[in-house]
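Colleague: Fold the following.
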Amino acid sequence: MARAGVPQVVAPLFSDQFYWASRVCALEIGASVAGPLTPESLTSALSAALAPSVAWRAKKLASQLEPDGATIAARRLVSV
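Modeller: As a prediction, the model looks like this:
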């Protein structure tokens, strides 16, 4: 989703989803639902994600991402 350049809302449930939710928040490109998913928690996360500054950071980050990271990583691994 980061490559799309739009804010995102993450509702982590298990495993590494909590890590990725924390990265979204740390990069300020979206928000995470804290605790159980309720109308109130989702409304709060959506309100945070829809802030103009969040949209600006999401768009800026997207322009810095490589277009095909998997191919680039594979080439680097093969050339080592």
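Colleague: in what helix or strand does the spatially most central residue of the chain lie?
Modeller: Central residue of the chain (Cα atoms, centre = their mean): Val24, 3.8 Å from the mean position. Assigned by DSSP states H and E, Val24 belongs to helix 17-27.
Colleague: which secondary structure elements does that helix contact?
Modeller: Using 3 or more Cβ pairs under 8 Å, 6 or more residues apart in numbering; DSSP states H and E as the contact test, the elements touching helix 17-27 are strand 8-10, strand 30-32. The way it works is simple: take the backbone N, C-alpha and C, and place the C-beta from them, glycine included.
Colleague: Packed most tightly, which of those would that be?
Modeller: strand 30-32 (a mean of 23; mean count of other Cβ atoms under 10 Å).
Colleague: Give me the buried positions along the helix or strand following it.
Modeller: Next helix or strand after strand 30-32 toward the C-terminus (DSSP H and E): helix 39-49. Within helix 39-49, the residues scored as buried using 16 or more other Cβ atoms under 10 Å are Ala45, Ala48, Ala49.
Colleague: which among the residues you listed gets closest to Ala2?
Modeller: Nearest to Ala2 among these: Ala49, at 13.0 Å, using Cβ to Cβ.
Colleague: Please go through this protein and pick out the longest helix.
Modeller: The longest helix of the chain (DSSP state H) is helix 52-64.
Colleague: Check which helices and strands it sits against.
Modeller: strand 30-32.
Colleague: Which elements pack onto the strand it packs on?
Modeller: Against strand 30-32 (3+ Cβ pairs under 8 Å, 6+ apart) you get strand 8-10, helix 17-27, helix 39-49, helix 52-64.
Colleague: Please list the outside residues in contact with that strand.
Modeller: Residues outside strand 30-32 that contact it (Cβ atoms under 8 Å, 6 or more residues apart in numbering): 7-12, 21-22, 24-25, 44-46, 48-49, 54, 58.
Colleague: now stretch 52-72
Modeller: Against stretch 52-72 from outside (Cβ under 8 Å, 6+ apart): 2-8, 27-31, 48.
Colleague: picking up where we left off before, quick one, which of the helices and strands packed on strand 30-32 gets closest to Ser79.
Modeller: Closest to Ser79 of these, according to Cβ to Cβ: helix 52-64, at 23.0 Å.
Colleague: Alright, calling it a day.
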